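Peer 1: fold the following and give me the result.
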Amino acid sequence: MTTLSDPVEATKPRAISTPYTLSRDKMLYGGLLALTAIAYLWGLSKNGYANEYYAAAVQAGSTSWRAWFFGSFDSSSFITVDKTPASLWVMGLSGRIFGFNTWSMLVPEALMGVASVGFVYVSVRRWFSANAGLLAGAILALTPVAVLMFRFNNPDALLILLLCAGAWAVTRAIDSTKHAARWMMLAGALVGFGFLTKMLQAFLILPAFGIAYLVAGKPALGKRLVHLVLATVSLIVSAGWWVAIVELLPASARPYIGGSSTNSILELTLGYNGLGRLNGNETGSVGGGAGNPGWGGAAGVQRLFGGEFASQIAWLLPAALIATVVLVVAAGKAPRTDRKRAFALLWGGWLVVTGLVFSYMQGIIHSYYMIALAPAIGALIGAAMAVLWRRRAEWLPRTTLAGGIVLTAGWSFALLNPTPSWQPWLRWVVLAAGVVAAGLLMLLPELKLRRTAARRAGLFAATLLTVSALAGPTAYSVETISAAHAGALPSAGPSGSGGMMGGGRGGFGGGRMGTPPGGTAQQPGTGTGTAQQQGGTGGVGGFLGGGGISSVSSELVTLLQQGAKGYTWAAASVTANGAAPLQIASGEPIMAIGGFNGTDPAPSLAEFKELVAQGKIHYFIGSGGGGMMGGRDGTSSEIATWVSENFQSQTVGNATVYDLSTGTGA
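Peer 2: Residues are numbered from 1 along each chain as shown. This next block holds a predicted model:
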């Protein structure tokens, strides 16, 4: 009976067999990184300030060390963003060195993408081959959601870099006997820093990291357990030092913790950004709530294979799941330390655990989160392809490979179908290439060809296979690079794309800016203008109060800049999304009342009155200037009402402005 079990585990990488092979591999690796860098940096400025919520915080951190450390939204440090600040640290330092602008903010994100591709390459190459590493790195580099987020200023770029580096460290630990503990501690530190980037999402890969080392590590079981304890301690220290400082400082000595209802980073971690994402009970949510499917569709495995999620990440997801099985079966009854089994546990565990959490979480989830699956998809397919291609002369590996090609081609055809007017020829090319490649793979071993002819035919089949698998995501990635992206909910690919179940841009889960539950969708195609233009196109931007920099008039900018002297905040505006364009355009600190979407209880009406009485806030910006008059029920609404009843309004540009230095203030 034919099996995929490999009787002998390769102990030396093929890549070091000759100087020629080594030189070739280095050149191809360098070419992969160079092309990735070109793609991620090309026309980067068209994204403008991308997510202005984070851009405002980067601006603040580039001018104030206090704001930089806490991740404050404004340079006067009234309130933080609703995430831990590690990604802001990187962009803020870049802004300090090069000056705050689009390039200084986004170039570090693009370089993080290049580095992530590099870590995936070296991790796969170490246990398989250079060609496998190239394929794995290329898959990550060309995944549409990865192209999107490595050109954006959300925290996801740094998170993925840290997790890829952590997986590489675990790979080194599994290979090592003498220094395994050091490598595991490094992995723990990297994941801990991932927590400081995007909180508990970083911990989704911990089961895979721990199980892979526990099963396949070379030291004795007792030592492996000790090493896991040391890695856990390293993780806690790396993740906890900043949290401890913030929690131990009195509230008066730090900004309010945005996204929390009790001014606590622990509450934010375990609530809105933690368990609330799983069960939907998110205090301060922007439309979430248990069982509310508005932000990510109905929970279940189908979520990742339908709607906008599919077009962002699912192109090779079925193939990656098959690849995991292939690696496990290929390991067979090999020793405990078998690399193929360990690789399946490490990267397959990453994919399965993260994918299931994303599938079944009840709280807010956005399609760009799917970047967390991209490194595992690339690594698994690269490794499995190396195993199957090496043994393609055998019936079972050949059949498995051919079946996977046909499945991937058919799935890509289905994902391209919802946009029939966009590159209509592409889906037929993908399908035809897949069918021909599968047929060649099945026939070639049966033909009696000379070595040169067989090699050329195999190269042709491999080329068709690559075209079939990567043409769809590559086309989406090229479209993503060519269009501007901005706002709270960016989306990769052509306008109107939505995968197998609709959605996509202009749909409930899509649009460059997205649409909140119960909101009005953008029309397809309206999200492809300049980044600044997109800020005011409705959708989530309007829902949360952000009007974009283009909505801030030059008259209002002049007023804020001239009126900032002697005040802690040049102005206040309801919601951070309303304050962000004002702050970026003027360069002056703007108080974001109520935080991200106006629901944080900060400041209270009494606190706001006291700040006005102390002469710390000059203006209040109502409707029109990027702000949102009144906000939702709560303190932000009370403050807006109090201001309108006690101060005289004037129209500056297109904004309603209240001068808080005049009036009764009763």
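Peer 1: which elements pack onto the longest helix anywhere in the chain?
Peer 2: Longest helix of the chain, by residue count under DSSP state H: helix 451-482. Applying 3 or more C-beta pairs under 8 Å, 6 or more residues apart in numbering; DSSP states H and E, we find helix 451-482 packed against helix 130-142, helix 144-149, helix 395-416, helix 426-443. To be clear about C-beta, it is placed using only N, CA and C from the backbone, and glycine gets the same treatment.
Peer 1: mind checking the pLDDT average for the first one?
Peer 2: Same thing as helix 130-142. Throughout helix 130-142, pLDDT has a mean value of 96.
Peer 1: how far out from the middle of the chain is that helix?
Peer 2: Put simply, helix 130-142 sits 19 Å off its chain's centre (C-alpha atoms, centre = their mean, to the nearest Å).
Peer 1: same deal with stretch 72-84?
Peer 2: Relative to the centre of its chain, stretch 72-84 is centred 21 Å away, using C-alpha atoms, centre = their mean.
Peer 1: okay, now the unreliable bits of the stretch 1-150 of the chain?
Peer 2: 1-22 (pLDDT under 70).
Peer 1: in the longest helix of the chain, what's buried?
Peer 2: For helix 451-482, burial by neighbour count (16 or more other C-beta atoms under 10 Å) applies to 457-458, 461-462, 464-481.
Peer 1: same check, this time on stretch 406-417
Peer 2: Across stretch 406-417, burial judged by 16+ other C-beta under 10 Å covers Val406, Thr408, Ala409, Gly410, Trp411, Ser412, Phe413, Ala414, Leu415, Leu416.
Peer 1: turn those residues into a markdown table, columns for pLDDT and distance to Leu142.
Peer 2: Converted to a markdown table, those look like this (pLDDT from 0 to 100; distance: C-beta to C-beta, whole Å):
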| residue | pLDDT | distance to Leu142 |
| --- | --- | --- |
| Val406 | 96 | 21 |
| Thr408 | 96 | 14 |
| Ala409 | 96 | 16 |
| Gly410 | 96 | 19 |
| Trp411 | 96 | 16 |
| Ser412 | 95 | 13 |
| Phe413 | 96 | 18 |
| Ala414 | 95 | 19 |
| Leu415 | 95 | 14 |
| Leu416 | 94 | 15 |
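Peer 1: strands of the stretch 51-200 of the chain, start to end?
Peer 2: Assigned by DSSP state E, counting those that start in this stretch, the strands in the stretch 51-200 of the chain number zero.
Peer 1: just the helices in it please.
Peer 2: Remark: helices assigned in the stretch 51-200 of the chain by DSSP state H, counting those that start in this stretch are 52-61, 65-70, 86-98, 102-127, 130-142, 144-149, 156-175, 180-198.
Peer 1: sketch out the low-pLDDT regions of the chain for me.
Peer 2: 1-22, 280-296, 449, 496-547, 624-633, 663-666.
Peer 1: looking at it, which residue reaches furthest from the middle?
Peer 2: In the chain, Lys448 marks the outermost C-alpha relative to the chain mean, sitting 48.9 Å out by C-alpha atoms, centre = their mean.
Peer 1: how near is it to Thr399?
Peer 2: 20 Å (C-beta to C-beta, to the nearest Å).
Peer 1: with Leu416 instead?
Peer 2: Leu416 is 26 Å from Thr399, by C-beta to C-beta.
Peer 1: ok, back up a step: tell me the one of the buried residues of stretch 406-417 nearest Ser637?
Peer 2: The closest of these to Ser637 turns out to be Leu415 (C-beta to C-beta; 43.5 Å).
Peer 1: go ahead and confirm that closest one touches Ile313.
Peer 2: No. Leu415 is not in contact with Ile313 according to C-beta atoms under 8 Å; the separation is 10.5 Å.
Peer 1: mutual contacts of those two, please.
Peer 2: Common contacts of Leu415 and Ile313 (C-beta atoms under 8 Å, 6 or more residues apart in numbering): none found.
Peer 1: skipping its backbone neighbours, what lies nearest the residue nearest to the spatial centre of the chain in space?
Peer 2: The centroid of the chain falls nearest to Asp156 when counting by C-alpha atoms, centre = their mean (3.2 Å). Nearest non-adjacent residue to Asp156, counting by C-beta to C-beta, 6 or more residues apart in numbering: Met149, 4.7 Å away.
Peer 1: so the residue farthest from the centre of the chain: helix, strand or coil?
Peer 2: Assigned state for Lys448: coil (three-state reduction, DSSP: H, G, I helix; E, B strand; the rest coil).
Peer 1: for stretch 324-344, measure first residue to last.
Peer 2: Using C-alpha to C-alpha, to the nearest Å, one end of stretch 324-344 lies 5 Å from the other.
Peer 1: ignore what I typed, I meant stretch 54-72.
Peer 2: Per C-alpha to C-alpha, stretch 54-72 runs 10 Å from first to last residue.
Peer 1: what lies in contact with that stretch?
Peer 2: Outside stretch 54-72, the residues that touch it by C-beta under 8 Å, 6+ apart are 49, 73-81, 83-85, 87-89, 91-93, 95-96, 99-100, 105, 153-155, 246, 254-255, 576, 579-580, 583-584, 587, 589-590.
Peer 1: closest one of the buried residues of stretch 406-417 to Ala181?
Peer 2: Thr408 (40.2 Å).
Peer 1: buried sites along stretch 245-258?
Peer 2: Buried residues in stretch 245-258, counted by 16+ other C-beta under 10 Å: Val246, Arg254, Pro255, Tyr256, Ile257, Gly258.
Peer 1: likewise for stretch 654-661?
Peer 2: By neighbour count with 16+ other C-beta under 10 Å, stretch 654-661 contains the buried residues Ala655, Thr656, Val657, Tyr658, Asp659, Leu660.
Peer 1: how about Tyr619, phi and psi?
Peer 2: Dihedral angles of Tyr619 (phi, psi; degrees, to the nearest 10) stand at phi -120, psi 160.
Peer 1: mind checking how far the closest residue to it other than its chain neighbours is from Phe70?
Peer 2: Setting aside the residues directly before and after it, Tyr619 is nearest to Ala571 in space (C-beta to C-beta, 6+ apart), at 3.9 Å. Ala571 sits 21 Å away from Phe70, going by C-beta to C-beta.
Peer 1: more neighbours: which of these two?
Peer 2: Using other C-beta atoms under 10 Å as the criterion, Ala571 and Phe70 rank with Ala571 on top: 30 against 27.
Peer 1: follow-up on the earlier one: next, the angle from the longest helix of the chain to helix 395-416.
Peer 2: Angle, helix 451-482 to helix 395-416, by axes from the mean of the first three to the mean of the last three C-alpha atoms, to 10 degrees: 30 degrees.
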